[in-house]
Each structure stands twice: as C-alpha cells, then as structure tokens.
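# Model the following, please.
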Amino acid sequence: MPLEPQRANDPGGKYNLNVVIPGWLKNQIVDHCKKLGVSIQDWVGTRIMLDIREERGLPAAPEAVKGIPDVVDVVREWVTGERLIQPCGKTDCNPEWQQLQKMKFCKKCGVRGL
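Numbers count the residues shown, from 1 in each chain. All right, here's what the predicted structure looks like:
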C-alpha cells in the first residue's frame, strides 16, 4: 500500500521525489534530455513547474525589459556619461575614503585611491 503524500515542511528546501516509470519511457527521457543538453533533474523539474503553472493559470514569467549589461555596454555608458564607474570597477559603489599614512583607501571595497 503506497504512503499518503506529505507536504514539505520547508517550502524553500530541496526534496527528493521518487517516481517509478517503465524502462522504455526512461530511455526516451534520457535521449530527449541529451538532445536538449539538460539534465534529467532540470528537465523534469521544469516540466512539472510549467504544467502546474498552466493548470493554475499563473502568468508566464515576464520578458526582461533590459538585458544584463556586458563590458561593451558598461564602457559605452561610461564614455557617454550615463554611468559613473568607481576606481574599484563597480558602478554602484559610493566610496568612503579613509586616510592611512599618506595613502587613501575605500572603506567598502579596499581599493587604493589617488
């Protein structure tokens, strides 16, 4: 007699889910995942999540408004003045300088100032 399904105690935790399937189906899943270049775990987890979203009618994830900037984007924004790059190379660092003998260092990132 199978056990009654139990809900997860920690919704943010990771749990194993064992499923018994025939060998021919497993072989098809393995071949399909190899063709896609993903692991069986990732494929099964994604398929289950997509099916639950479809059943519940949850909205699909929104498209990104702006992509993650690459080096060319950051340098272009720096040259045009849209973005200020700090000495540490970060754009969101607001340096707080501290004096140590005759040198200045940023308290946050440890970069030596001029």
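# ok, now how distant is the residue nearest in space to the middle of the chain from residue 45?
Central residue of the chain (C-alpha atoms, centre = their mean): residue 68, 11.8 Å from the mean position. Distance of residue 68 to residue 45, computed by C-beta to C-beta, to the nearest Å: 24 Å. Where you see a C-beta, it was placed from the backbone N, CA and C, and this is true even at glycine.
# Mind checking what helix or strand follows the helix ranked longest in the chain in sequence?
Criterion DSSP state H: the longest helix present in the chain is helix 40-56. Of the helices and strands lying after helix 40-56 in sequence (DSSP states H and E), the nearest is helix 71-80.
# Now the element after that next one, going C-ward?
Next element after helix 71-80 (DSSP H and E): strand 97-100.
# Can you pull out the low-pLDDT segments for the protein?
Filtered on pLDDT under 70, the chain yields the residue ranges 1, 58, 85-89, 91, 114.
# go again using 90 as the cut-off
Within the chain, the segments meeting pLDDT under 90 span 1-19, 49-114.
# and it, what are its domains?
23-56, 71-106 (automatic domain parsing).
# Please convert those to a markdown table, extending it with mean neighbour count and distance to residue 16.
Shown next, in a markdown table, are those (neighbours: other C-beta atoms under 10 Å; distance: least, C-beta to C-beta, whole Å):
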| stretch | mean neighbour count | distance to residue 16 |
| --- | --- | --- |
| domain 23-56 | 11 | 10 |
| domain 71-106 | 12 | 39 |
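# for those domains, which one sits closest to residue 3?
Residue 3 lies closest, by C-beta to C-beta, to one member of the domains of the chain: domain 23-56, at 19.5 Å.
# Can you give me the end-to-end span of that closest one?
31 Å (C-alpha to C-alpha, to the nearest Å).
# swap in stretch 101-108?
Rule used - C-alpha to C-alpha; the end-to-end distance of stretch 101-108 is 18 Å.
# again with stretch 51-70
With C-alpha to C-alpha, one end of stretch 51-70 sits 34 Å from the other.
# Same question for stretch 104-111.
End residues of stretch 104-111 are separated by 9 Å (C-alpha to C-alpha).
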